[in-house]
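> Any chance you could fold what I've pasted below:
(one chain, ligands or ions: 2)
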Amino acid sequence: MRRRGPVTNSEGLVEQALGGNLRALSRLATRLENDPDSTEAIVSKLFPRTGRAHVVGVTGAPGVGKSSVLDGLAREITSRGKSIAVVAVDPSSPRTGGATLGDRIRMSESALDPNVYVRSLASRDRHDGLAPAVADLAMLFDAAGYDYVAIETVGAGQDQLEVADLVHTTVLVQIPGTGDSVQLLKAGAMEIADIYVVNKSDLPGARRVSRDLRSTLSLVMQDEGVWDTPIVLTSRPEGTGFGKLLDAIDRHYSFLEDRGMLADRRARIARSELRRAVERRIRLNDSVNASLVEELVRGIADRAVTPDEAAQRLLERAVQDVERR
Ligand SMILES: Nc1nc2c(ncn2[C@@H]2O[C@H](COP(=O)(O)OP(=O)(O)O)[C@@H](O)[C@H]2O)c(=O)[nH]1
Ligand SMILES: [Mg+2]
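Ligands and ions are numbered 1, 2, ... in the order given. You can find the predicted model right below:
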């Protein structure tokens with residue numbers, strides 16, 4: 001289907017969305033998710049308005065209760081008069097299935113609670129990390145003025161490390177009865193977690209998980225004056241721990257600010273923004289220059305060009321295209 005004047009359209013939508021129109025916000029989110037060609041125009045409008053939200057990543061294995069924790073957190077945030085938008089990447093957080101987030105989605109769409117907005121990304125089979133739209137959506141909700149923007153992602157190796165590049169604070173959710181913290185250490189997860197949540201603390205063994213984390217952390221982090229990674233016990237059915245979790249999240253942001261470390265995190269986020277924009281250009285040209293890509297792929301397979309020569313030619317074409325625009 002052909003769109004007429006997509007740029008003007010997006011501009012109008014951005015105006016409306018940033019003015020508080022939830023329908024426009026939702027349409028813009030859909031566009032960011034499904035129409036990569038319009039991303040640049042949208043982002044250029046959003047970008048000057050971003051940089052205010054506290055962006056929080058929530059990661060952990062499927063079923064540990066990331067969505068439930070976010071639901072509890074959202075209630076705590078709204079009770080303090082603040083707002084949160086959630087980008088849910090976890091494919092186990094569908095709109096169906098009666099998950100608590102399903103209710104949140106309906107709530108935000110019917111604008112019953114304007115302080116909570118949940119957006120689930122259609123799950124795609126991506127084995128190469130997070131969809132680029134995740135970061136763009138986080139930008140959208142930041143620009144729209146939400147106090148907190150949370151990204152919920154499956155804690156499956158790569159995406160867990162990637163989400164840490166998009167956020168100020170990474171929350172890693174664990175539960176009683178699964179592996180010990182040595183596995184986390186091996187997976188590199190201990191380096192990215194700013195806060196641990198032991199969810200399902202109504203089940204037996206939560207204290208043991210918490211002690212295990214604490215002792216492993218004390219081995220890893222021996223420096224004085226570094227962030228003392230909090231371990232927060234939560235329980236969705238009992239509704240406990242979410243106040244403490246929000247306190248810990250806020251405390252982490254203040255810590256970054258006070259220690260002059262917020263600038264480092266911002267630089268880390270900026271680096272991933274730059275990388276995405278570069279990739280966007282190449283991808284854009286993938287569709288424009290599909291035949292060149294095919295030719296290069298064949299060339300590499302036939303050993304006629306090296307991968308680096310092919311990459312160089314693709315980049316040269318990308319630069320020409322940018323100059324022509
Ligand atoms: N007992 C108990 N079950 C929980 C708790 N939090 C979540 N669950 C359940 O765990 C399952 C997975 O929760 P969900 O939030 O969808 O996990 P996610 O896949 O990590 O987002 C659901 O059946 C929840 O009802 C909790 O604190 N205690
Ligand atoms: Mg979920």
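
> hey, let's count contacts and neighbours off CA atoms from now on
Fine.

> Contacts only, for the residue in the stretch 151-300 of the chain that ligand 2 sits nearest to.
In the stretch 151-300 of the chain, the residue that lies nearest ligand 2 is residue 152 (6.9 Å; CA to the ion). Applying CA atoms under 8 Å, 6 or more residues apart in numbering, we find residue 152 in contact with 57-59, 66-67, 86-90.

> Looking at these, spot the one nearest ligand 2.
For those, the nearest to ligand 2 is residue 67 (4.1 Å; CA to the ion).

> Show the pLDDT at the closest one.
Residue 67 is assigned 92 on the pLDDT scale.

> before we move on, back to that, make sure I have this right: the residue of the stretch 151-300 of the chain closest to ligand 2 is in a helix.
No. Residue 152: not assigned to a helix; according to DSSP: H, G, I helix; E, B strand; the rest coil it is strand.

> coming back round to it: taking the contacts of residue 152 one by one, which sit in strands?
Judged by DSSP state E, strands contain the following of those: 57-59, 86-88.

> okay, these in TSV with neighbour count, pLDDT and distance to residue 115 next?
Listed next are the ones in strands among the contacts of residue 152 as TSV, based on neighbours: other CA atoms under 10 Å; pLDDT from 0 to 100; distance: CA to CA, whole Å:
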residue	neighbour count	pLDDT	distance to residue 115
57	25	96	19
58	29	95	19
59	32	91	22
86	30	94	11
87	22	93	14
88	26	90	17
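
> Show me the shaky parts of the stretch 101-250 of the chain.
101-112, 122-129, 155-158, 179-180, 186-187, 221-225 (pLDDT under 70).

> what ranges do the helices span in it?
132-143, 158-164, 181-186, 189-192, 206-220, 242-258 (DSSP state H, counting those that start in this stretch).

> hey, what's residue 87 bridged with?
Taking DSSP bridges as the rule, residue 87 bridges to residue 119, residue 151.

> That one reaches residue 131, doesn't it?
No. Proximity of residue 87 to residue 131 does not meet the contact threshold set by CA atoms under 8 Å, at 11.5 Å.

> How about the contacts made by residue 163?
57, 130, 151, 153, 170.

> 10 Å instead, please
56-59, 129-130, 134-135, 151-155, 169-170, 192, 269 (CA atoms under 10 Å, 6 or more residues apart in numbering).
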